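> Got a predicted structure plus its sequence, pasted below:
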Amino acid sequence: MATLERMAKQSRVPDALVRFLPRGDHRAQALAVDHDRWLVAARYALILVGAEGVEDSGMWYEVQHVRWEGETQLLRVAWVDPGRTPLEVRTETTEPSDFMADVTAKVTHALVVQKTAITDIGTRVTASVRRREDDELFSTLVADGPLDAQGKTLADELERTVREGVGLE
């Protein structure tokens, strides 16, 4: 029974921190992380909360991907905006499978389509169509390096392709 109680505690934000979350997210899937903080898979956003309140958050459509490394227990959130510093925390649990499944489902729901290409100079360009919390679709275009004229043409074509693929002008 002690194990079930511990697991229940690890998957829900403590009462002292719930006040910082939107009412509808009080029972959201959560994960205890370093420095007595919690990472919450809320309905519309990923939220990092601690004793002082919300420390970081991002709407699901802002999340590029979430990765967890079992050996180091490092959880890393990469954002769609390449200028935004990734969120990195260490989990207290060695079994975050329920949390990661929930996070993966929410990120997948927000990502409608994605295509990647490499330019002649080696820059990776990724065009995506994402879904906001109101179900509106929008596109993003990210390059991991410089773009020359050919690269800009490739990027524009890639974005046009993913937008047309879902019926966006």
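Good, I have the coordinates. If you're wondering where the values come from, they're calculated on a predicted model, not measured in any experiment.
> Not counting its neighbours along the chain, what's nearest Val142?
Excluding its sequence neighbours, the residue lying closest to Val142 (C-beta to C-beta, 6 or more residues apart in numbering) is Thr126, at 4.9 Å. No exception for glycine: its C-beta is placed from N, CA and C like everyone else's.
> so where does the one you found fall, helix or strand?
Using DSSP states H and E, the element containing Thr126 is strand 124-131.
> Quickly run through the sheet partners of that strand, with directions.
According to DSSP bridges, strand 124-131 forms sheet pairs with strand 111-118 (antiparallel), strand 137-143 (antiparallel).
> Now render those strands as TSV, adding mean neighbour count and distance to Gly167.
As requested, these are arranged in TSV below (neighbours: other C-beta atoms under 10 Å; distance: least, C-beta to C-beta, whole Å):
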stretch	mean neighbour count	distance to Gly167
strand 111-118	15	11
strand 137-143	15	8
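> TSV please, covering these and showing mean pLDDT and distance to Thr93.
Below are these laid out as TSV (pLDDT from 0 to 100; distance: least, C-beta to C-beta, whole Å):
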stretch	mean pLDDT	distance to Thr93
strand 111-118	96	26
strand 137-143	94	32
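> report the angle between the axes of whatever helix or strand Thr104 lives in and strand 124-131?
Using DSSP H and E, the element containing Thr104 is helix 97-110. Interaxial angle, helix 97-110 versus strand 124-131 (axes from the mean of the first three to the mean of the last three C-alpha atoms, to 10 degrees): 90 degrees.
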